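**Q** mind folding the following:
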Amino acid sequence: MLPAGVRTQTIHQWPSTRVQPAGSPLSLECTVKGTSNPTLYWYRQEAGGSLQQLFYSVSAGQIEPREFQNFKASRPQDGQFTLSSKKLQLNNSGFYFCAWSLTLRWVGQTSVQKPHPVPRPPHPLQQPSLRD
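**A** Reported below is the predicted structural model:
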């Protein structure tokens, strides 16, 4: 049993397993419950390779990058993150993972400095001309 005030966080990726032929569309859903404002991620792992981050999102509607190869990600709600492709390619083979972490926010004010113009370098010295 959890202590009072502690919520269980869950992440669910649907479908959990899918095999799609090249040329077909794909949509993977990820939902996170039990936390507010999570940062969400989509990763791909090619056979025998390491994890590669495809997308991340710090809040609904804010996704980086907007597109990656032939994939797009969307985050219509706080705990929902979708990965999609209109047409899969052979090089899209791999395992796809959704993950989340807490969003860190800086508290307080930041100072903003106005950029100063870069000083121009002095004119090159002209060599005196020698006259015969």
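
**Q** rest of the way, CA atoms for contacts and neighbours
**A** OK.

**Q** so where is the protein shaky, pLDDT-wise?
**A** Residue ranges of the chain with pLDDT under 70: 1-7, 103-132.

**Q** strands of this structure, residue ranges please.
**A** Under the criterion DSSP state E, strands of the chain are mapped to 10-14, 26-33, 38-45, 51-59, 62-64, 67-68, 71-77, 80-85, 95-102.

**Q** for Gln20, find the nearest of those strands.
**A** When the strands of the chain are compared by C-alpha to C-alpha, strand 26-33 sits nearest Gln20, at 7.5 Å.

**Q** quick one: list the elements packing against that closest one.
**A** Judged by 3 or more C-alpha pairs under 8 Å, 6 or more residues apart in numbering; DSSP states H and E, the packing partners of strand 26-33 are strand 10-14, strand 80-85.

**Q** quick check: which of those strands is buried the most?
**A** strand 80-85 (a mean of 20; mean count of other C-alpha atoms under 10 Å).

**Q** how much space separates Pro38 from Gln62?
**A** Counting by C-alpha to C-alpha, to the nearest Å, the separation of Pro38 from Gln62 is 12 Å.

**Q** surely Tyr43 and Gln53 touch.
**A** Yes. The pair Tyr43 / Gln53 is scored as a contact, 4.4 Å apart, by C-alpha atoms under 8 Å.

**Q** okay if I get the helices and strands packed on strand 26-33 as a markdown table plus distance to Gln20?
**A** Below are those laid out as a markdown table (distance: least, C-alpha to C-alpha, whole Å):
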| stretch | distance to Gln20 |
| --- | --- |
| strand 10-14 | 14 |
| strand 80-85 | 11 |
